[in-house]
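>>> 3D model of this:
(one chain, ligands or ions: 1)
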Amino acid sequence: MPVTFSAPSKDILFAIKHLSGIARPFGEGIYADLHQDVLEAVVDEAGIFAEHEIVPLNIIGDRQGARLEQGRVIMPEGWKRVYDAWAQAGWNGIKAGEAHGGQGLPHLVWAVTTELWNAANMAFGINPVLIQGAIDALEQHADERLKGLYLPKLVSGEWTGTMNLTEAQAGSDLSALRAQAERQGDGTYRISGEKIFITYGDHELTANILHLVLARLNGAPEGTRGISLFLVPKFLVNEDGSLGERNKVVCAGLEHKLGIHASPTCSMVFAGAVGYLIGDENRGLNCMFTMMNSARLAVGLQGVGIAERALQQGMDYAQHRIQGGVAISLHPDVQRMLLTMQSLTMAARAICYHTAYALDGAAKGETPHQRQQAQEMANLLTPIAKAFATDTGSDVASLNIQVHGGMGYIEETGAAQHYRDARIASIYEGTNGIQAIDLVMRKLPQSQGETVRAHIQYLRSLVARIAAGGSSAFDQIALRLAYNVQKLSETTEWLLAPERTQHEKLAGATPYLRLYALTLGSCVLAAGALAEGSSQRVHLACFFADNIATATTGLGLSIMEGSASVHMPF
Ligand SMILES: Cc1cc2nc3c(=O)[nH]c(=O)nc-3n(C[C@H](O)[C@H](O)[C@H](O)COP(=O)(O)OP(=O)(O)OC[C@H]3O[C@@H](n4cnc5c(N)ncnc54)[C@H](O)[C@@H]3O)c2cc1C
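Have a look, this model is predicted:
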């Protein structure tokens, strides 16, 4: 039978304290308003809600799925009750500004809760990710009237939000978008077109749904510079906040998917629906980009959540399954799998929290310069967090099946569901290939390479600290880490060099992102082990340095010598 999920509160608090890179204790600096006891209470309470309320829906959601019946999207049993309880408990608004009913808590706290909802149930957890995306977009770009009318109900969770970017011909390439927006004389717009793959595009969990839609105005420039962002509510909203008539937007179909069956993935048809401009005309992509860091981080956290879930199941199974007269957890090859699962999960969590910390610095740093530096750090880390953590989700879920042997392939254990659910996170919110390209083409060149160099310098300082750790274990780890950081530095300079061709950079992007993640992960795991000193943490850091991060050698070769053969001569 599938094991239940136990919120990993201890590992989460350890990761926040020792792996996220935070410079000063809670109650000071950017976390002046966050005290350790509040943080611990939030982690505990979120863990309890996830374990008791959201976990029981996971298998039901997978088996029943969302259904489209006579134009209505029907959610699986229990979904509405738990969604209502979750929203009423205030979980939706924890990061949103207090002006519209949120709690204004830091990104780091929101990151933890996002991980927990998704560990409990990815099909449930993706909905808050989308709602938060809509909140971010409105908070940052909408005018005061729209904010006042729409944000309070979005923040409270009484209404949900969606992101409508993708069209059949426009996936990774949004410049190919065709949805149209027509100006009306009264300041509103009429939106027409078809969007595909829209998560939670329709449902009856809430009385209204706010669609954020990318569309092109008549006569707008070609390509990405002619795209605008609109708010299109399912039901129009009167000036007093009450619901008016149904807007001209419908769900025309639901996709049948590999995983996250309970998350309705909708084809949406906009037939002259009333829309309201968010931000300036033709600046829609810029509006989307400002909220992309936290949406991409959230998808990375889905990867961490599902990895944790699969890890717990694999550990439990391996301790109970007897083969060769002993529990399989005693066989070295199974131990290798379990340690790989455990250390990758911890590294992915660390990288995601590191990114959340940078986002907090960008929002709350003391000086404009500090905020700017933190923003560039968040920009740099976001594609790494998204891609590495989601790949980790898939890899760990796959290893969990392997640990189970044949039983992993049988649906009853639930191992297969984690694997199926995990797979989407490497695809949506910008495929992982697109993340790697973003890292190399846009993030490395920030401030003429000084942001990435400063981060590498920070990693060097961690290695120096580990080298002074005073034990043979740390001596050995430090040697390996010094090599990794050197490889990261060499490959970074190689990619930044002016003579690099476009092809060399694009072909090397994916191995470079992985090299970066393994180097960062190995450094922070070791620094955390040094800080806490427990033998288990030291052991895990050694394992990662000796068995996982050693891949940097091959990755370095792929980046700097492999691009010539990355082409298909047929
Ligand atoms: C379950 C699900 C939920 C989704 N939810 C939403 C949602 O809520 N809102 C929304 O707007 N969209 C959503 N999407 C769409 C999702 O974001 C896209 O599927 C994704 O961005 C990839 O686009 P695509 O499917 O057209 O693939 P393509 O863009 O056709 O990509 C196919 C492959 O080619 C690669 N590729 C493409 N272009 C390049 C390039 N320039 N360089 C290198 N490699 C390239 C990609 O990395 C990928 O491996 C969802 C999709 C699914 C399946």
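
>>> quick one: contacts for the residue of the stretch 1-150 of the chain found nearest the ligand?
Nearest residue of the stretch 1-150 of the chain to the ligand, counting by Cβ to the nearest ligand atom: residue 130, 6.2 Å away. Where C-beta positions appear, they are placed from N, C-alpha and C, glycine not excepted. Taking Cβ atoms under 8 Å, 6 or more residues apart in numbering as the criterion, residue 130 is in contact with 160, 161, 162, 163, 199, 200.

>>> ok so it is a helix residue?
Yes: counting by DSSP: H, G, I helix; E, B strand; the rest coil, one finds residue 130 located in a helix.

>>> which one of the contacts of residue 130 sits closest to residue 102?
Proximity of these to residue 102 (Cβ to Cβ) peaks at residue 161, which lies at 13.8 Å.

>>> just checking, that closest one touches residue 128?
No: assessed by Cβ atoms under 8 Å, residue 161 is found out of contact with residue 128, at 9.8 Å.

>>> residues contacting the residue nearest the centre of the chain?
For the chain, the residue nearest the mean C-alpha position is residue 299 (2.1 Å; Cα atoms, centre = their mean). Listed by Cβ under 8 Å, 6+ apart, the contact set of residue 299 reads 129, 386, 390, 425, 428, 429.

>>> which parts of whatever helix or strand it lives in are buried?
Here residue 299 sits within helix 284-320, counting by DSSP states H and E. Residues 284-285, 287-288, 291-318 are the ones in helix 284-320 that count as buried (16 or more other Cβ atoms under 10 Å).

>>> give me the subset of those touching the ligand.
The subset of those within reach of the ligand, by Cβ under 6 Å from any ligand atom, is empty.

>>> and the stretch 251-400 of the chain, which residues reach the ligand?
Near the ligand, when you scan the stretch 251-400 of the chain using Cβ under 6 Å from any ligand atom, you find 257, 265.

>>> residue of the stretch 251-400 of the chain nearest the ligand, please.
Ranking the residues of the stretch 251-400 of the chain by distance to the ligand (Cβ to the nearest ligand atom) places residue 265 first, at 4.4 Å.

>>> so residue 507 sits in a strand?
No: going by three-state DSSP, the assignment for residue 507 is helix, not a strand.

>>> identify the single longest strand in this structure, thanks.
Criterion DSSP state E: the longest strand present in the chain is strand 265-278.

>>> how far does it sit from the chain's center?
In terms of Cα atoms, centre = their mean, to the nearest Å, the centre of strand 265-278 is found 25 Å from the chain centre.

>>> where does the stretch 51-200 of the chain have low pLDDT?
Residues of the stretch 51-200 of the chain meeting the criterion pLDDT under 70: none.

>>> residue of it closest to the ligand, please.
Counting by Cβ to the nearest ligand atom, the stretch 51-200 of the chain gets nearest the ligand through residue 171, at 1.6 Å.

>>> could you tell me how many residues sit around that residue?
17 (other Cβ atoms under 10 Å).

>>> look up phi and psi at it.
Dihedral angles of residue 171 (phi, psi; degrees, to the nearest 10) stand at phi -110, psi -90.

>>> please enumerate the strands of the protein.
Counting by DSSP E, the strands of the chain are 67-69, 72-74, 159-164, 180-183, 189-199, 208-217, 227-233, 235-237, 243-246, 249-254, 265-278, 322-323, 326-327.

>>> next, format those strands as TSV and append mean neighbour count.
Converted to TSV, the strands of the chain look like this (neighbours: other Cβ atoms under 10 Å):
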stretch	mean neighbour count
strand 67-69	12
strand 72-74	15
strand 159-164	26
strand 180-183	18
strand 189-199	21
strand 208-217	24
strand 227-233	26
strand 235-237	17
strand 243-246	12
strand 249-254	18
strand 265-278	21
strand 322-323	10
strand 326-327	12
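
>>> so which of those is nearest residue 11?
Set against residue 11 and scored by Cβ to Cβ, the strands of the chain come closest in strand 326-327, at 22.7 Å.

>>> name every strand pairing with that closest one and say which way it goes.
Here strand 326-327 is paired, per DSSP bridges, with strand 322-323 (antiparallel).

>>> now the strand it pairs with: average pLDDT?
The average pLDDT within strand 322-323 is 98.

>>> now what about that strand, what contacts it?
Residues from elsewhere that reach strand 322-323 (Cβ under 8 Å, 6+ apart): 328, 331.

>>> how about the stretch 451-570 of the chain: which residue is closest to the ligand?
Going by Cβ to the nearest ligand atom, the ligand is nearest to residue 506 of the stretch 451-570 of the chain, at 6.8 Å.

>>> so what pLDDT did that residue get?
At residue 506, the pLDDT recorded in the model is 98.

>>> so what's it up against?
437, 440, 441.

>>> go again with 7 Å.
residue 437 (Cβ atoms under 7 Å, 6 or more residues apart in numbering).

>>> one step back: considering the contacts of residue 299, which possesses the most neighbours?
residue 386 (35 neighbours).

>>> quick check: that one touching residue 296?
Yes: the pair residue 386 / residue 296 is scored as a contact, 4.2 Å apart, by Cβ atoms under 7 Å.

>>> tell me, what's touching those two both at once?
residue 429.

>>> and stretch 466-473, C-alpha only, in PDB?
Listed next in PDB are the C-alpha coordinates belonging to stretch 466-473 (Å, rounded to 0.1, in the frame of the first residue of the first chain):
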ATOM      1  CA  ILE A 466      35.000  23.400   4.600                       C
ATOM      2  CA  ALA A 467      38.800  22.900   4.100                       C
ATOM      3  CA  ALA A 468      39.300  24.400   7.500                       C
ATOM      4  CA  GLY A 469      36.700  22.000   8.900                       C
ATOM      5  CA  GLY A 470      39.400  20.000  10.800                       C
ATOM      6  CA  SER A 471      38.500  16.400   9.800                       C
ATOM      7  CA  SER A 472      39.700  14.000   7.100                       C
ATOM      8  CA  ALA A 473      36.100  13.800   5.800                       C
END
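
>>> give me the contacts around it.
Contact partners of stretch 466-473, identified using Cβ under 7 Å, 6+ apart, comprise 474, 475, 477, 478, 481, 526, 527, 530, 538, 542.

>>> tell me the contacts of the second one?
Spelled out, it's residue 475. Applying Cβ under 7 Å, 6+ apart, we find residue 475 in contact with residue 467.

>>> is residue 211 in contact with residue 230, as I believe?
No: under the criterion of Cβ under 7 Å, residue 211 is not in contact with residue 230, lying 8.3 Å apart.

>>> picking up where we left off before, what bridges to the residue of the stretch 251-400 of the chain closest to the ligand?
Per DSSP bridges, the residues bridged to residue 265 are residue 199.

>>> hmm, it is touching residue 253, no?
No: the criterion here is Cβ under 7 Å, and residue 265 misses it with residue 253 at 9.4 Å.

>>> most distant residue from the centre of this structure?
In the chain, by Cα atoms, centre = their mean, residue 325 is the one farthest from centre (41.7 Å).

>>> next one: it from residue 331, what distance?
Residue 325 sits 11 Å away from residue 331, going by Cβ to Cβ, to the nearest Å.

>>> for the chain, which residues are neighbours of the ligand?
Residues of the chain lying near the ligand (Cβ under 6 Å from any ligand atom): 163-166, 171-172, 197-199, 257, 265, 424, 427-428, 430-431, 433-434, 437.

>>> run through who's touching stretch 17-24.
Stretch 17-24 has contacts (Cβ under 7 Å, 6+ apart) with 29, 108, 350, 353, 354, 357, 524, 527, 528, 531, 532.

>>> buried subset of those?
Neighbour counting by 16+ other Cβ under 10 Å classes 29, 108, 350, 353, 354, 357, 524, 527, 528 among the contacts of stretch 17-24 as buried.
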